[in-house]
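Visitor: I would like the atomic coordinates for the input below:
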Amino acid sequence: MEAFNLEEHSHRRYNPLTGSWVQVSPHRAKRPWQGQVEKVTEVIRPKYDVKCYLCPGNTRANGEKNPNYQDTYAFNNDFAALQPGIPKGKIQEDDLFMAISERGLCRVICFSPRHDLTIPEMDIASIKKVVDLWVTEYQKLGELDFINYVQIFENKGAIMGCSNPHPHGQIWAQETIPDEPQKKTIQLQKYFKKYGRSLLGDYLTKELEKQERILFEDKHFVGLIPFWAVWPFEAMLISKRHVSSLLELSEEEKTGLAEAYKKLTVMYDNLFQTSFAYSGGIHQAPTDGKEHTEWHLHMCFYPPLLRSATVKKFMVGYEMLANPQRDITPEQAANMLRALPTRHYKSG
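Guide: Take a look at the predicted model:
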């Protein structure tokens with residue numbers, strides 16, 4: 001009888017970080033992709049846009065004026081989804097109708113004063129300043145007595161809901177540990193309690209031995225396609241040293257994170273020679289005052305592009321009603337990204 005083969009036969013892959021599964025159907029895409037691979041005409045943005053509410057010196061929607069910042073800049077989101085001053089309260093009619101107040105803060109992080117840049121087009125020193133600001137914001141927000149989790153993230157591209165192309169990210173800090181970090185906290189705690197080691201540390205060791213899904217390995221960070229990836233070119237940056245949060249990184253490791261951030265996003269842009277859309281963010285220890293030795297700092301990237309600069313992956317049908325599914329295997333995705341030039345396609 002034919003032997004089971006991950007590259008040929010449909011199967012499910014387990015995500016030990018969340019306890020969830022993904023359906024993989026490699027027989028539906030024997031080749032990396034099929035059909036047209038077209039380039040899109042990119043809009044050339046100016047270095048400064050007088051109409052941009054994130055550019056230095058411009059007035060934002062709430063009437064406040066940005067300073068003439070020279071590198072990074074952070075401010076409270078003018079349209080914050082979470083607010084600090086709401087009254088505490090809850091509604092619970094029975095086990096079926098429940099709601100509880102949620103306090104929090106939302107911050108905007110401008111990565112650069114340049115309107116025309118993105119992370120893969122910035123230099124390492126400038127990206128390092130973004131990492132430094134993440135550290136400052138994580139510490140400052142996490143010290144507030146009502147903040148138990150700080151979620152740092154970036155939405156890049158209009159198809160990911162980014163309303164302004166100026167290079168920026170966001171931070172949402174709130175009372176409750178959100179669902180995804182909470183799932184990971186539970187799974188990481190289980191593993192650490194059983195083995196006394198970091199789940200991601202052990203996973204990274206085995207991935208480095210296999211070399212099947214590794215995109216790059218630097219001194220401090222590794223870029224890879226996770227074995228359980230859902231999105232076609234989903235990726236992770238994992239710290240080689242077991243640290244629970246940004247606060248534990250050395251200066252050299254912060255630079256290492258900046259270098260890894262750039263390397264991965266250059267790969268993304270080069271894949272279809274377009275400004276590659278994604279949602280990316282940092283998962284790290286909650287700020288709930290508890291010791292979280294089980295946590296291992298990592299950054300997740302979820303890009304929607306599938307076959308070209310315009311063909312996207314959507315969660316529909318089976319994926320919305322049952323569980324996520326993918327055709328291109330993580331191993332194929334890793335091979336495709338590894339084979340790309342390391343220089344950004346715009347640099348010539």
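Visitor: Lowest mean pLDDT among the helices and strands of this protein, which one is it?
Guide: Within the chain, no helix or strand scores below helix 318-321, which has a mean of 90 by mean pLDDT, DSSP states H and E.
Visitor: which outside residues touch that one?
Guide: Judged by CB atoms under 8 Å, 6 or more residues apart in numbering, the contacts made with helix 318-321 from elsewhere in the structure are 23, 325. Glycine gets a C-beta too; all of them are placed from N, C-alpha and C.
Visitor: Show me how far the very next helix or strand once past that helix is from its chain's centre.
Guide: Moving toward the C-terminus from helix 318-321, the first helix or strand encountered (DSSP states H and E) is strand 325-326. For strand 325-326, the separation from the chain centroid amounts to 19 Å (computed by CA atoms, centre = their mean, to the nearest Å).
Visitor: Under a three-state scheme, what state does the residue most central in space within the chain occupy?
Guide: Of all residues in the chain, the one closest to the mean position by CA atoms, centre = their mean is Gly280, 1.9 Å from it. Here Gly280 is recorded as strand under DSSP: H, G, I helix; E, B strand; the rest coil.
Visitor: which ones are touching it?
Guide: Contacts here follow CB under 8 Å, 6+ apart; on that basis Gly280 touches 153-154, 156, 299-302.
Visitor: Can you show me the strands along the stretch 51-200 of the chain?
Guide: Counting by DSSP state E, counting those that start in this stretch, the stretch 51-200 of the chain has strands at residues 73-76, 90-92, 98-100, 104-110, 149-156, 168-174.
Visitor: In the chain, where is pLDDT below threshold?
Guide: Screening the chain residue by residue with the criterion pLDDT under 70, one finds the ranges 29-41.
Visitor: what's the burial count for the closest residue to Leu264 other than its chain neighbours?
Guide: The shortest distance from Leu264 to any non-neighbouring residue, by CB to CB, 6 or more residues apart in numbering, is to Gly223 (5.0 Å). Counted by other CB atoms under 10 Å, the residues lying close to Gly223 total 25.
Visitor: for Gly223, phi and psi?
Guide: Here the main-chain torsion angles of Gly223 (degrees, to the nearest 10) amount to phi -100, psi 130.
Visitor: Settle this for me: it is touching Met236, isn't it.
Guide: Yes - taking contacts as CB atoms under 8 Å, Gly223 lies within contact range of Met236: 7.4 Å.
Visitor: with the contacts of Gly280 in mind, which one is nearest to Asp288?
Guide: Asp288 has its nearest neighbour among those in Phe153, at 19.3 Å by CB to CB.
Visitor: ok, for the closest one, nearest residue in space, not its chain neighbours?
Guide: Distances taken as CB to CB, 6+ apart place Gly281 nearest to Phe153, at 3.2 Å, with adjacent residues excluded.
Visitor: Name the residues of the least confident helix or strand of the chain that are buried.
Guide: Neighbour-count burial for helix 318-321, with 16 or more other CB atoms under 10 Å as criterion, is recorded at Glu319.
Visitor: chain center to that helix: distance?
Guide: Relative to its parent chain, helix 318-321 has a centroid offset of 23 Å by CA atoms, centre = their mean.
Visitor: who touches Arg103 in this structure?
Guide: Taking CB under 8 Å, 6+ apart as the test, what Arg103 contacts is 82-86, 88, 146, 174-175.
Visitor: 6 Å instead, please
Guide: Going by CB atoms under 6 Å, 6 or more residues apart in numbering, Arg103 touches 84, 86, 146, 175.
Visitor: same question, Leu224
Guide: Contacts of Leu224 by CB under 6 Å, 6+ apart are 207, 213-215, 236.
Visitor: How much space separates it from Tyr261?
Guide: For Leu224, the distance to Tyr261 (CB to CB, to the nearest Å) stands at 14 Å.
Visitor: ok, now Lys254?
Guide: 11 Å.
Visitor: Which one's more surrounded, those two?
Guide: Using other CB under 10 Å as the criterion, Lys254 and Tyr261 rank with Tyr261 on top: 25 against 20.
Visitor: That one falls within a helix, correct?
Guide: Yes - judged by three-state DSSP, Tyr261 forms part of a helix.
Visitor: Tell me the spacing between it and Leu337.
Guide: Distance, Tyr261 to Leu337, by CB to CB: 15 Å.
Visitor: Tyr302 is in contact with Ala235, correct?
Guide: No - counting by CB atoms under 6 Å, Tyr302 is not a contact partner of Ala235; they are 8.8 Å apart.
Visitor: Mind checking which of the two has more residues around it?
Guide: Set side by side, Ala235 and Tyr302 show unequal neighbour counts under other CB under 10 Å, the larger going to Ala235 at 27 against 18.
Visitor: how about the more buried one, what does it touch?
Guide: Applying CB under 6 Å, 6+ apart, we find Ala235 in contact with 225, 264, 301.
Visitor: how much space between the nearest residue to Asn164 once chain neighbours are set aside and Lys210?
Guide: Distances taken as CB to CB, 6+ apart put Leu54 closest to Asn164, at 5.8 Å, once the chain neighbours are dropped. Applying CB to CB, the value for Leu54 to Lys210 is 42 Å.
Visitor: More neighbours: which of these two?
Guide: A direct count of neighbours by other CB under 10 Å for Leu54 and Lys210 places Leu54 higher, at 22 against 12.
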